[in-house]
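1. Sequence below, structure please.
(chains A and B)
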Amino acid sequence: MSVEFLYPEFEVIRNSDRCIACRVCERQCANEVHSFDPARGIMKSDESKCVNCQRCVSLCPTRALKIVKTDCTLRENCNWQNDTIREVYKQSNSGGVLLSSMGNPKPMPVYWDKMLINASQVTNPPIDPLREPMETKVFLGKKPGKIEKDKDGNIINNMPPQIELTMPVMFSAMSYGSISYNAHASLARAAEELGIIYNTGEGGLHEDFYKFGKNTIVQVASGRFGVHEDYLNAGAAIEIKMGQGAKPGIGGHLPGEKIVGDISRTRMIPEGSDAISPAPHHDIYSIEDLRQLVYSLKEATEYKKPVIVKVAAVHNIAAIASGIARSGADIIAIDGFRGGTGAAPTHIRDNVGIPIELALAAVDSRLRDEGIRNNVSLIAGGSVRSASDVVKAIALGADACYIATAALLALGCHLCRTCQSGRCNWGIATQKPELVKRLNPDIGSQRLVNLMNAWRHEIKEIMGGMGINSIEALKGNRLMLRGIGLNSKELEILGISHAGE
Amino acid sequence: MIIDTGGMEYREINSALRAASDEIKLTGCLGQRFIAAGVSGKTIEIEGIPGNALGAYLNGAKITVNGNAQDAVGDTMNSGEIVIRGDVGDAVGYAMRGGKIIIKGNAGYRAGIHMKAYKEKMPVMVIGGAAGSFLGEYQAGGLIVVLGLETEGKRIVGNFPCTGMHGGKMFIRGSCEDIVFPAGVTVTQAGHEDIEEINPYILEYCELFGYNTDEVLSGDYTLITPDTKNPYKQMYVAN
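-> Here you go, the predicted model:
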């Protein structure tokens, strides 16, 4: 075998007693792993193409298939682990930058799992959400510092524009192009039914989805794809994307092969041309420049839309957020380093940025210390996986959370982490019509609605257990959290006590 | 209709602009930002110096400035026309996706970054004088023309033009021997057919600012085009 050969990562185990050679697996696999051997009347596999997306496993009518991690590995070595060695081989073969998809899979600390939530016992009663009202509604936006009255003593409405959400969760930015039309349709429809919001990402807004405007955040990123006056006015808010948790400090490149048909028209670039989002906005080199973009957007939309500034969680995030809070932005979205992506250089994804839990706590504390917390709302994203993660984020100081990977899982994503290939067998991260149609927006949106309704119930249950009956009363309530197995510095940054204290 | 902008904040100016008739003259302009952001269907003449982000997201209006303008003129402009009878600051026409910007004099750094185009939407920028460094970075579409008039022997384009260019065309008057272009673009002498393409814009420029068309069109023009529309294709390996 040649020096370029890499033993396949996965093996296809086909139970010949069960396989009826119906060829469903062959039709379902866009990676062309399965094929039929007419001479022998059996199915064959080329496991070198397998990405372990589980599509064939899920659709095999006789449950004849399973995909397993190969046990043909190199000699064990704690320093030079298999993945590391394979990366060196891949780069030696190609000379390329390693490109990965979805969030950081490395065993990094997940602080959500090291925080425990309080509950009421004896001294104050828990609340049963089934018999008592619980408020999960939140409003995102700048809150006025004081009540103003006119000369007759009537209150002047000085409330800046707000986003209203029925629960403190939104679908995070995923562009049309990185995900499919049917994935966007599912998100938009679910957001409308739930009374929450989805986010266009930086690829513009398909004309069919303008009708979901009040449940849409339109994004303006450095490539300014699909940005024009109607687009800016279409949504409930405008988000300036400065960075993304999975790839802080770098831009994005949607390869020309995905710039086809409607994507090309929505982005306003020719078919087949790479869609390049430069690392910086070349008109923003300072907080003052950011302020200029914020206010140019406000002027163009007559101050009717809150402006969100989304940044990746990086080392100086508290100071950066302080600057953003003074730039005129209404909302800051912070994306932690475990957040997902359609494609990012592996070593940037896995090594750049900081966890959302620490970033969120640091930002909330800093803005409070400076007396400007009410200038902005805070959205936390970057691997919020469950209702309990949402509750912990709110208690650390978030006004709402962004979720994306969890939403994709609801749509059928099996986290095979090969979005960049454009051959998503679940019809999500692909533009191939025959794959896109596998995702039915009727079913997809219903599954998203189910997931969010389930989380809403859980959020109410957890809050009720603490004797808290509204998100507002939980927000920044760090006394409701205790750390487990954290050192004193981590506890200090999170602003919480250790369990038992 | 004439609006005296002396002492007015930008928010007041834009409110007045939106409420005004279709033909408007703004006088006494002194650095107010965001003038005519997102405006469509009006003709606006400006006396004085408008501030940053003049005509951002412009959506079909026509703006003439009888003097200089500052940074970020026509940022993410969608359609319409901006005529500057003087010089402009940095980042003019950033991410412009349609319409025309015609500048009599010089442009600062980062002009025409990430201009794009789609079918009939083809943004055009004509810079009559010199352009600063980083001209047309990431250009993805559209047309940038630099004439270098009245630059008195000064280099007419600064450093690092066309970096990351992957669409559109750039024309620079002259042979450009003193300009260093990056790898990934092709630099040739514009032929007769190429000049035909920019002819209407040169005519418009000369008519607006009183130049002799034959003189401006005489001599060599350099044409810069990208080698590929997929500059990042070979850079990655799936992991």
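2. domain parsing for chain B?
-> According to automatic domain parsing, chain B comprises the domains B:1-65, B:87-231.
3. pLDDT below threshold where in the chain?
-> Let's take chain A. The model of chain A has pLDDT under 70 over residues A:1.
4. Outline the domain layout of it.
-> Taken from automatic domain parsing, chain A resolves into A:10-96, A:138-146+A:166-498.
5. can you list those in CSV and add distance to A:P105 and mean neighbour count?
-> (Glycine included, C-beta is placed from N, CA and C.) Formatted as CSV, the domains of chain A follow (distance: least, C-beta to C-beta, whole Å; neighbours: other C-beta atoms under 10 Å in any protein chain shown):
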stretch, distance to A:P105, mean neighbour count
domain A:10-96, 9, 15
domain A:138-146+A:166-498, 7, 22
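6. Would you mind giving the domains of chain B as CSV with mean pLDDT added?
-> Formatted as CSV, the domains of chain B follow (pLDDT from 0 to 100):
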stretch, mean pLDDT
domain B:1-65, 95
domain B:87-231, 95
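7. re the thing from before, quick one: closest of the domains of chain A to B:A238.
-> Closest approach to B:A238 among those is made by domain A:138-146+A:166-498 (6.3 Å; C-beta to C-beta).
8. How about the secondary structure of residue 44?
-> Went with chain A since none was named. Classification of A:K44 using DSSP: H, G, I helix; E, B strand; the rest coil returns strand.
9. Wait, chain B was what I had in mind.
-> strand.
10. give the contact list for the residue nearest to the spatial centre of chain B.
-> For chain B, the residue nearest the mean C-alpha position is B:M125 (3.5 Å; C-alpha atoms, centre = their mean). Counting by C-beta atoms under 8 Å, 6 or more residues apart in numbering or on different chains, B:M125 makes contact with B:92-93, B:96, B:100-103, B:111-112, B:115, B:142-145.
11. Which helix or which strand is home to A:R189?
-> Secondary structure from DSSP states H and E places A:R189 in helix A:181-194.
12. Find the nearest non-adjacent residue to residue 30, please.
-> Defaulting to chain A. Take A:A30 and drop its neighbours on the chain: the residue closest to it by C-beta to C-beta, 6 or more residues apart in numbering or on different chains is A:R423, 4.1 Å away.
13. should've been chain B
-> Nearest non-adjacent residue to B:L30, counting by C-beta to C-beta, 6+ apart: B:G48, 5.7 Å away.
14. the longest helix in chain B is where?
-> helix B:192-209 (DSSP state H).
15. other SSEs contacting it?
-> Judged by 3 or more C-beta pairs under 8 Å, 6 or more residues apart in numbering or on different chains; DSSP states H and E, the packing partners of helix B:192-209 are strand B:100-103, strand B:124-127, strand B:140-146, strand B:167-173, helix B:213-217, strand B:221-226.
16. same thing but at 10 Å, please
-> Helix B:192-209 sits against strand B:79-84, strand B:100-103, strand B:124-127, strand B:140-146, strand B:167-173, helix B:213-217, strand B:221-226, with contacts defined as 3 or more C-beta pairs under 10 Å, 6 or more residues apart in numbering or on different chains; DSSP states H and E.
17. Determine which of those approaches A:K475 most closely.
-> strand B:140-146 (42.5 Å).
18. What is the closest one packed up against?
-> In terms of contacts (3+ C-beta pairs under 10 Å, 6+ apart), strand B:140-146 is packed against strand B:100-103, strand B:124-127, strand B:167-173, helix B:192-209, strand B:221-226.
19. Okay, buried residues for the last one please.
-> Buried residues in strand B:221-226, counting neighbours by 16 or more other C-beta atoms under 10 Å in any protein chain shown, are found at B:Y221, B:T222, B:L223, B:I224, B:T225, B:P226.
20. between that strand and strand B:140-146, what angle do the directions make?
-> Strand B:221-226 runs at 160 degrees relative to strand B:140-146, counting by axes from the mean of the first three to the mean of the last three C-alpha atoms, to 10 degrees.
21. Other residues contacting the helix or strand that strand B:221-226 is followed by?
-> Per DSSP H and E, the first helix or strand lying C-terminal to strand B:221-226 is strand B:236-238. Outside of strand B:236-238, the residues within contact range by C-beta atoms under 10 Å, 6 or more residues apart in numbering or on different chains are A:51, A:87, A:90-91, A:93-101, A:253, A:255, A:343, A:345-346, A:418, A:420-421.
22. picking that back up, let me have the helices and strands packed on helix B:192-209 in a markdown table, adding distance to A:G465 as columns.
-> Formatted as a markdown table, these follow (distance: least, C-beta to C-beta, whole Å):
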| stretch | distance to A:G465 |
| --- | --- |
| strand B:79-84 | 56 |
| strand B:100-103 | 60 |
| strand B:124-127 | 61 |
| strand B:140-146 | 53 |
| strand B:167-173 | 57 |
| helix B:213-217 | 78 |
| strand B:221-226 | 60 |
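23. Of all these, which one is nearest A:D389?
-> Between A:D389 and the helices and strands packed on helix B:192-209, the shortest gap by C-beta to C-beta is with strand B:140-146, which sits at 38.6 Å.
24. Can you give the distance of that closest one from its chain's centre?
-> Centre-to-centre, strand B:140-146 and its host chain are 8 Å apart (C-alpha atoms, centre = their mean, to the nearest Å).
25. now stretch A:133-150
-> Its chain's C-alpha centre and that of stretch A:133-150 lie 26 Å apart, by C-alpha atoms, centre = their mean.
26. From A:M134, how far off is the nearest residue to A:P355 once chain neighbours are set aside?
-> The shortest distance from A:P355 to any non-neighbouring residue, by C-beta to C-beta, 6+ apart, is to A:G336 (5.3 Å). Distance from A:G336 to A:M134, counting by C-beta to C-beta, to the nearest Å: 27 Å.
27. Now do the helix or strand containing A:S445 against helix A:181-194, angle only.
-> Under the criterion of DSSP H and E, A:S445 resides in helix A:441-466. Put simply, helix A:441-466 runs at 40 degrees to helix A:181-194, going by the same axes, to 10 degrees.
28. Could you list every helix and strand in contact with helix A:441-466?
-> Contacts defined by 3+ C-beta pairs under 10 Å, 6+ apart place helix A:441-466 against strand A:115-117, strand A:169-171, helix A:181-194, helix A:387-396, strand A:400-403, helix A:405-411, helix A:471-474.
29. how does it look with 8 Å?
-> With contacts taken as 3+ C-beta pairs under 8 Å, 6+ apart, helix A:441-466 sits against strand A:115-117, strand A:169-171, helix A:181-194, helix A:387-396, helix A:405-411, helix A:471-474.
30. still on that earlier bit, among the contacts of B:M125, which ones are buried?
-> The neighbour-count criterion (16+ other C-beta under 10 Å) marks B:92-93, B:96, B:100-103, B:111-112, B:115, B:142-145 among those as buried.
31. can those go into TSV with extra columns for distance to A:A387?
-> Converted to TSV, these look like this (distance: C-beta to C-beta, whole Å):
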residue	distance to A:A387
B:V92	49
B:G93	47
B:M96	45
B:K100	53
B:I101	51
B:I102	57
B:I103	56
B:A111	50
B:G112	48
B:M115	46
B:G142	48
B:L143	53
B:I144	52
B:V145	58
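32. would JSON lines of the domains of chain A with distance to B:S15 be doable?
-> Below are those laid out as JSON lines (distance: least, C-beta to C-beta, whole Å):
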{"stretch": "domain A:10-96", "distance to B:S15": "53"}
{"stretch": "domain A:138-146+A:166-498", "distance to B:S15": "8"}
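33. Nice, that's everything, thank you.
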